[in-house]
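Participant: one predicted model, sequence on top.
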Amino acid sequence: APGLILDSVQSLVTWYRKGEIVSSEPQSKQMRQWIGHINNVQRHEFSLVVLERMRQLGWKAERELTLGQILQRPLLEKYGDVDVLAWNPATGRVLAIECKDLQTHTTLGEVAEQLTDFRGTIRNGEPDRLKVHLDRLDLLKANDAAVAKFLKINVAAQIEGHLVFRNPVPMTFAWDQMADRIHLSLFDELDLI
């Protein structure tokens, strides 16, 4: 039993240090701030990696643009930012990329939780992690002319949503229901976009 206790304590400390504790668990204000901070740092680092890779692949790309910047007008709602916006001026393809660097889940409960977080629905009165990106994507598509103007594209903008994960995730195996709305890719597959 001492080995189990040691493993449990080490796992708990590691999860808190990496910001991988489930947000529904009770936490102090300071711990919620830490988890928010460390997750923001990780998201920022991964979006930079994706940005550089898209540029290497020949795309024009910018990161962390707000919809207000792109549409060049103030918005009543907060939509967050587009992690990476990549475009090809010749073809008009515009990729709104959401970058996710998630921990690897191994238990059935962890896998189920991650699948639940990426269903594209409202849960407990809040949009899940996919719904937030889908709402941004819908607004961009509804304003495709403004997007083309912002990016200085002279052809019609063809806006696509992409969700890029650093590592394999359970959603890869359950994506049929969302495949018509958003593409799911792993970082190693960006050259296939």
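Facilitator: That came through, no problem.
Participant: distance-wise, check the residue nearest the centre of the chain relative to residue 185.
Facilitator: The centroid of the chain falls nearest to residue 98 when counting by C-alpha atoms, centre = their mean (3.3 Å). Distance of residue 98 to residue 185, computed by C-beta to C-beta, to the nearest Å: 11 Å. Any C-beta I mention is one placed from the backbone N, CA and C, and that applies to glycine too.
Participant: check residue 138 too.
Facilitator: 20 Å.
Participant: over to residue 160?
Facilitator: Residue 160 is 11 Å from residue 185, by C-beta to C-beta.
Participant: retrieve the pLDDT associated with the residue nearest to the centre of the chain.
Facilitator: You'll see residue 98 listed with a pLDDT of 90.
Participant: in contact with it, which residues?
Facilitator: By C-beta atoms under 8 Å, 6 or more residues apart in numbering, the contact list for residue 98 reads 82-83, 133, 161-164.
Participant: give me the element it is part of.
Facilitator: Using DSSP states H and E, residue 98 sits within strand 93-100.
Participant: ok, now residue 70?
Facilitator: Per DSSP H and E: helix 67-71 holds residue 70.
Participant: any idea of the mean pLDDT for the helix or strand residue 8 falls within?
Facilitator: Per DSSP H and E, residue 8 falls inside helix 2-18. Averaged across helix 2-18, the pLDDT comes to 75.
Participant: and stretch 48-58, which residues are buried?
Facilitator: Within stretch 48-58, the residues that count as buried by 16 or more other C-beta atoms under 10 Å are 49-51, 53-54.
Participant: save those as JSON lines, and put in pLDDT, distance to residue 11 and secondary structure too.
Facilitator: Output for these, formatted as JSON lines (pLDDT from 0 to 100; distance: C-beta to C-beta, whole Å; DSSP: H, G, I helix; E, B strand; the rest coil):
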{"residue": "49", "pLDDT": "93", "distance to residue 11": "26", "secondary structure": "helix"}
{"residue": "50", "pLDDT": "94", "distance to residue 11": "29", "secondary structure": "helix"}
{"residue": "51", "pLDDT": "96", "distance to residue 11": "32", "secondary structure": "helix"}
{"residue": "53", "pLDDT": "96", "distance to residue 11": "31", "secondary structure": "helix"}
{"residue": "54", "pLDDT": "96", "distance to residue 11": "35", "secondary structure": "helix"}
